[in-house]
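Colleague: I need the structure of the sequence given here:
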Amino acid sequence: MAGVQIDGVNNKIDFDDDLDTSISANTDDTLVIEAGGNTMATITATTFTINDGTTITTADNTDTLTLTSTDGDNAVGPNLRLFRNSGSPANSDVLGQIDFEGRNNNSQDVVYGSIKASLSDVTDGAEHGLMEFKSMVGGTNQLRMSFDDTSVIFNQDSIDSDFRVESNGNTHMLFVDGGNDVVGIGTSSPNFPLDVVSDSSANGIQLRGRSADNIAQFSFESNDSGTTYSQLQSLSSELKVKTIANIPMSFHTNNSEVFRMHTNGSLSNGGETAPDTAVGLCLNQAGNDGNILTFKSSDVGHGITALAETDTYVEQRKLSDGSGGLLITAFSGSAVGMKMEAFITGSNTAESSAATSAWAVDARKKNGTNVAGMSTDDNIASFRQSDEAQFIIKGDGELFSNQSATVGTYDAYEDAQLVRAFDLNHMQGVINSKFDKFVQYNKDDLQKARLIGTDDDGNATPMVNITGMQRLHNGAIWQQYEKHQKLAEAVYEMAKETLGADKADAILKKHDIKLLN
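Modeller: Next comes the predicted model:
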């Protein structure tokens, strides 16, 4: 080997005998480094171009490569450029890749991570690029994150890998559990596809539109058909929960259905799937025997707490645990416990079995799977006091009143005169007769006998005691019967003294008169 040779004509220094390894500067301001006949590097006043693979090695942990820019403006710098200068670029061409390589414990070289960029579309004006980030998982490089023209994808290779976003005060502010396919917000152990847990004052989930007129919406869709079945919509004027397809919407607690909205507009509870209502409310208490409906008000305090809470003013429940029926109980802190009002726009004045009324009570009895009319002796309705019947209406219209505890035979009165006193004081169009001056009773006597009503101030009212009048009429009839018998006996005695016993008996027989013995 001849050694280093200097070629002054070509501004070249050769390092071997065949003159193919050299440093030359045969072009102004350009230095060329050649090895084995190949140009390995070209240096100009502004560039340093290396034409083949380059390895920079350090024996310690100092910076292996440093790119420094001393420019003081706001343009980008320093720059690292990976440039594929292809004369025939095509879709899916790889633009460049950065590998992070090390050795395993078996002295093997392993790429533990990489960043790769590719061409997705090379069409002028519609170019798309693809970036991929991979890391070694279980001995295999897995795609952990990628960016394409339409999406940012995490965990494309579907490995059991969690995704976690930490906030200032929560290590799992956003958490995707890769193994269980669930997402948590504020929790490290989500139990549902989306599980939200808050330990701050900002509890719950808030949906907001971009303006007052925009809709914030939850939609529930089928995965296979893409059909939207239900929606929760927040409008500027209302909140809507609606089903789009022909399906009901149900609400559950403790894994049991408690409430359902049906497609016909009905509402039901207790797992009732076939409510017998049309746009109504169906309450199903299963086999429970307590109240099915209660009404409360904070300004009610009746104090009957042995039977109900003091703010409960109406209870509704089954009348009989095994047979059904309806029991309505009203609680009041005043003298009025229940009031029913019927307001009508028409009227009916008929007095027949077909008559209608503003307030009607209709009772019928089971007949096979249907119902039929009540029997004549069946009780249609009753009014009770302490669960004892005081007034009964029979199927044929007969009225029965319990008078066992009522004081009030009228033996101390001249019943006929008491009846006449009532007529004179209460009835219109009564014409006085010559006998009325002998009537010894007036309105005060009628009040004392409880035949007419009395208000809170002790004044007589137009109200009439119907059952009292019935007893009075019975007494008047009996008193007149007694007077008739006494008169018949007096006439018989006169006829017997005047005509004799036989003729007197013949007169009684002729007129079918029998004297009481």
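
Colleague: just the strands in the stretch 201-350 of the chain please.
Modeller: With DSSP state E, counting those that start in this stretch as the criterion, the stretch 201-350 of the chain has strands at 216-221, 228-234, 239-243, 249-253, 256-261, 267-269, 281-282, 293-296, 312-320, 324-330.

Colleague: now those strands as a markdown table including distance to residue 104?
Modeller: C-beta coordinates here come from the backbone N, C-alpha and C atoms, glycine included. Formatted as a markdown table, those follow (distance: least, CB to CB, whole Å):
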| stretch | distance to residue 104 |
| --- | --- |
| strand 216-221 | 47 |
| strand 228-234 | 52 |
| strand 239-243 | 57 |
| strand 249-253 | 52 |
| strand 256-261 | 55 |
| strand 267-269 | 63 |
| strand 281-282 | 69 |
| strand 293-296 | 73 |
| strand 312-320 | 76 |
| strand 324-330 | 78 |
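
Colleague: Mind putting those strands into JSON lines with mean pLDDT, mean neighbour count and distance to residue 470?
Modeller: Output for the strands of the stretch 201-350 of the chain, formatted as JSON lines (pLDDT from 0 to 100; neighbours: other CB atoms under 10 Å; distance: least, CB to CB, whole Å):
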{"stretch": "strand 216-221", "mean pLDDT": "70", "mean neighbour count": "13", "distance to residue 470": "69"}
{"stretch": "strand 228-234", "mean pLDDT": "68", "mean neighbour count": "16", "distance to residue 470": "66"}
{"stretch": "strand 239-243", "mean pLDDT": "70", "mean neighbour count": "11", "distance to residue 470": "61"}
{"stretch": "strand 249-253", "mean pLDDT": "84", "mean neighbour count": "12", "distance to residue 470": "59"}
{"stretch": "strand 256-261", "mean pLDDT": "88", "mean neighbour count": "15", "distance to residue 470": "54"}
{"stretch": "strand 267-269", "mean pLDDT": "92", "mean neighbour count": "20", "distance to residue 470": "50"}
{"stretch": "strand 281-282", "mean pLDDT": "94", "mean neighbour count": "14", "distance to residue 470": "46"}
{"stretch": "strand 293-296", "mean pLDDT": "97", "mean neighbour count": "13", "distance to residue 470": "40"}
{"stretch": "strand 312-320", "mean pLDDT": "95", "mean neighbour count": "16", "distance to residue 470": "32"}
{"stretch": "strand 324-330", "mean pLDDT": "95", "mean neighbour count": "11", "distance to residue 470": "31"}
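
Colleague: give the contact list for the residue lying closest to residue 355 once chain neighbours are set aside.
Modeller: Excluding its sequence neighbours, the residue lying closest to residue 355 (CB to CB, 6 or more residues apart in numbering) is residue 348, at 5.9 Å. Residues near residue 348 by CB atoms under 8 Å, 6 or more residues apart in numbering: 355-357.

Colleague: Could you chop this protein up by domain?
Modeller: The chain breaks down by automatic domain parsing into domains covering 5-50, 248-284, 290-335, 365-401, 415-498.

Colleague: For the stretch 351-500 of the chain, which segments are assigned as helices?
Modeller: 415-426, 443-448, 466-499 (DSSP state H, counting those that start in this stretch).

Colleague: Quick one: closest of those to residue 108.
Modeller: Closest of these to residue 108 is helix 466-499, at 112.3 Å (criterion: CB to CB).

Colleague: May I see the buried residues of the helix or strand that the closest one is followed by?
Modeller: Following helix 466-499 in sequence order, the next helix or strand is helix 501-510 (DSSP states H and E). Residues of helix 501-510 classed as buried under the neighbour-count rule (16 or more other CB atoms under 10 Å) are residue 504.

Colleague: try stretch 143-151
Modeller: Buried residues in stretch 143-151 (16+ other CB under 10 Å): 143-146.

Colleague: what about residue 413, how many neighbours?
Modeller: Neighbour count of residue 413, defined by other CB atoms under 10 Å: 21.

Colleague: any idea how far residue 401 is from it?
Modeller: 21 Å (CB to CB, to the nearest Å).

Colleague: And the residue nearest to residue 355, how far from residue 358?
Modeller: 8 Å.

Colleague: Help me confirm that residue 175 comes into contact with residue 195.
Modeller: No. Contact criterion CB atoms under 8 Å: residue 175 and residue 195 do not qualify, at 9.0 Å.

Colleague: Identify the contacts common to these two.
Modeller: 183-185, 187.

Colleague: Most neighbours among those, which one?
Modeller: residue 184 (23 neighbours).

Colleague: distance of that one from residue 232?
Modeller: From residue 184 to residue 232 the distance is 21 Å (CB to CB).

Colleague: do the same with residue 466
Modeller: For residue 466 relative to residue 232 (CB to CB), the value is 61 Å.

Colleague: ok, now residue 11?
Modeller: 81 Å.

Colleague: neighbours around residue 359, how many?
Modeller: Neighbours around residue 359, by other CB under 10 Å: 8.

Colleague: hang on, isn't it packed against residue 343?
Modeller: No. The criterion here is CB under 8 Å, and residue 359 misses it with residue 343 at 10.2 Å.

Colleague: Could you list the low-pLDDT ranges of the stretch 1-150 of the chain?
Modeller: 1-2 (pLDDT under 70).

Colleague: all strands of it, in order?
Modeller: Under DSSP E, counting those that start in this stretch, the stretch 1-150 of the chain gives strands at 5-7, 12-14, 22-27, 30-35, 38-44, 48-50, 94-103, 109-121, 128-137, 140-147.

Colleague: any chance of these in JSON lines, with distance to residue 447 too?
Modeller: Shown next, in JSON lines, are the strands of the stretch 1-150 of the chain (distance: least, CB to CB, whole Å):
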{"stretch": "strand 5-7", "distance to residue 447": "152"}
{"stretch": "strand 12-14", "distance to residue 447": "147"}
{"stretch": "strand 22-27", "distance to residue 447": "140"}
{"stretch": "strand 30-35", "distance to residue 447": "137"}
{"stretch": "strand 38-44", "distance to residue 447": "132"}
{"stretch": "strand 48-50", "distance to residue 447": "128"}
{"stretch": "strand 94-103", "distance to residue 447": "111"}
{"stretch": "strand 109-121", "distance to residue 447": "106"}
{"stretch": "strand 128-137", "distance to residue 447": "103"}
{"stretch": "strand 140-147", "distance to residue 447": "99"}
